[in-house]
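> the following comprises the amino acid sequence and a computationally predicted model.
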Amino acid sequence: MIRKKKTEPDEKKAADEKVTARLKAVFDQLPRQIEVLLFSGKDRDEVFTQASRQVVKAASDLSKKIVFKELDLGHELATRYQVTEAPTILIDPSTVNIRWLGAPIGHETESFFLALHLVGHRRSGLSDQALQVLSEITEPRHIKLFVSLTCPYCPQQVKNGLQAAVEKPELISLEIIDVQAKPALAEKYKAYGTPTVFANEQLIAQGAQPEELFMASLKKLEQETIFIPDNKAEQIETDLVIVGGGPAGLAAGIYGARSGLKSVVVEKGPLGGQVSTTPIVENYPGIAQAGGKTLVDIMVAHALEYANIFPGEEVMDITPATPIVVTTNRRRFLTRAVLLATGAIYRRLGVPGEERLFGRGVSYCSTCDGPLFKGHSAIIVGGGDTAVTEALHLNQIGVQVTLIHRRNVLRAQARLTESLKSQNIPVLLETEVREIQGTEKVEEVTLLNHPTGETIKKEVSAVFVAVGYDPAVQLARRIGIELTPDGYIKKDARHRTNIPGIYSAGDVEGGYKQIVIAAGQGAEAALAIFEDLANPYWTGDKHRLTPAGQAGESSSK
């Protein structure tokens, strides 16, 4: 008997029937009914409305657990759920806030069926790390997720949005917007690429993300590029604790781990330190130009390949012993060595009104707060590279900025001062800020011109301060580290402090405050620590041991 060979249409039909049967089995197992509402406009035959109707009806035909209703925009439920555009699909609106503007076709058909499954089971399926981040969101999040039916990356972001909305329906709403069906909305939000995600009207993501990174972006309401898993351990044993997550600390983490030391980086503030708020970096070897945050993300991603990083964690005390005990606000570390890479903090003017109006027009970070003053007048105080760079940045984003410097010449690099001239940014030399005035916010400043002795009142909305830094040595001073007359950590050529086993690197040591120098010092200190732990100089023991406890020479390359 000769069997007839199946034709291609027959094979496709058989495959479709298999998929349908599998979907039917899945949806028949839903523990509860799901109501799907399609709101259509006056033109019920409009192409996207027809496509939406076909997809939703196909889903409802699979199982009685999926209840499909089509309504018009004049229906009372449209008013109740604030539906104003057609076609709009609401998925079980009595339990979650998920809506689709446009038609779930193309790559998004899969997303629509996933939505039904997640809502039907009331389970997000998120990882423990993603759930932890999501649990820290305590204020409402309204997500607008722009997708395209031809975009193969959109389903991943849609899945992330669906999981968030299902897991926390009381706070998180999700609006999936098809850019082909709703071009006016895409134009309004400048969503020219998909997937693009806004939350509470803030851009938080472009492109697909892992779920943990999506939740972190949703939590912080800004684009996150690095996700660092949380660690709940109350005590951690390690070889090297690095206090500070700037260029010095991150480089030390890499070099320490590559030398064979189990290394951790603890940072109480933003990773990257001052670099994270630098508008543009142009002098880091190998990278002609990059935003400070971009450079930090590259460094952090690299360091994470080698060391564990503990962000948002402050070191409260260090107890020199064997092992050294490092106590933070969350746990304690038992370690063989400590590297202090605590950097430096913004120096203040110390004038009346500065502290009172901090955060209300007085700022130490033009990157953070500059956009708030677009179209307004502001001054930036300082004469070095940082002040001039920030003046250029403020001018570029539309702030009417004037540079104030108390000396008769700027200390910034010639290339930067030439940019000031070419962009016609006013500079007042030999001028000092004497007071910052304002009731609820900055309104004006009092300036003193030294050559003439004249006092000038200048109306401004913001004062940006860039007059240098003070070393962050509070922790060092507390544990008895010797300081230099200038207030920096006193160390030898191998970055050793006066306390055995405790080292320093970066801006906290003084010298040139440059990213490349801090990174180099962090690497140098890590190598010195490796060699000292292999042959502790404080014991006088000549027998070299590797960190693993094996005798012999070790290479740190």
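All right, it came through fine. The model shown is predicted, which means the values in this text are computed figures rather than measured ones.
> going forward, measure contacts between C-alpha atoms and count neighbours the same way
OK.
> how about the backbone phi and psi for Val55?
phi -70, psi -50 (degrees, to the nearest 10).
> hmm, I was thinking of Gly343
Main-chain dihedrals, Gly343, degrees, to the nearest 10: phi 70, psi -150.
> I figured it hits Ala472, correct?
Yes - with contact defined as Cα atoms under 8 Å, Gly343 counts as touching Ala472 (5.8 Å).
> neighbour count: the two, which is higher?
Gly343 (29 against 21; other Cα atoms under 10 Å).
> which residues does the more buried one contact?
Going by Cα atoms under 8 Å, 6 or more residues apart in numbering, Gly343 touches 244, 246, 273, 471-472, 506-508.
> secondary structure, pLDDT and distance to Glu201 for those residues - can I get that in TSV?
Output for these, formatted as TSV (DSSP: H, G, I helix; E, B strand; the rest coil; pLDDT from 0 to 100; distance: Cα to Cα, whole Å):
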residue	secondary structure	pLDDT	distance to Glu201
Gly244	coil	96	33
Gly246	coil	95	31
Gly273	helix	84	28
Pro471	strand	93	38
Ala472	coil	93	37
Gly506	helix	96	39
Asp507	helix	93	38
Val508	helix	96	39
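> PyMOL command for the buried members of these?
Entered in PyMOL, the line below selects the buried ones among the contacts of Gly343, by 16 or more other Cα atoms under 10 Å:
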select buried, resi 244+246+273+471+472+506+507+508
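> among the contacts of Gly343, which one sits closest to Lys69?
Ranked by distance to Lys69 (Cα to Cα), the contacts of Gly343 are led by Gly273 at 54.6 Å.
> let me know the secondary structure of the most centrally placed residue in the chain.
Computing the C-alpha centroid of the chain and ranking residues by Cα atoms, centre = their mean puts Glu224 first, at 3.5 Å. On the three-state scheme (DSSP: H, G, I helix; E, B strand; the rest coil), Glu224 is labelled coil.
> surely it meets Ser217?
Yes - between Glu224 and Ser217 there is a contact at 5.1 Å, judged by Cα under 8 Å.
> what touches both of these two?
Residues touching both Glu224 and Ser217 (Cα under 8 Å, 6+ apart) are 204-205.
> residue ranges in the protein under the pLDDT threshold?
Counting by pLDDT under 70, the chain has low-confidence residues at 1-17, 19, 279, 368, 540-557.
> outline the domain layout of it.
What automatic domain parsing lists as the domains of the chain is 17-220, 235-345+470-534, 362-467.
> ok, Thr402 - contacts?
Contacts of Thr402 (Cα under 8 Å, 6+ apart): 378-380, 391, 425-428.
> doesn't it lie inside a strand?
Yes - under three-state DSSP, Thr402 falls within a strand.
> ok, what's across the strand from it?
Beta-bridge pairing of Thr402 under DSSP bridges involves Ile379.
> so how far is Gln521 from it?
With the distance defined as Cα to Cα, to the nearest Å, Thr402 ends up 35 Å from Gln521.
> the helices in the stretch 51-200 of the chain, which residues?
Counting by DSSP state H, counting those that start in this stretch, the segments of the stretch 51-200 of the chain that form helices are 76-80, 108-121, 128-135, 154-167, 183-188.
> in the first one, what's buried?
Which is helix 76-80. So helix 76-80, judged by 16+ other Cα under 10 Å, has buried residues Ala78.
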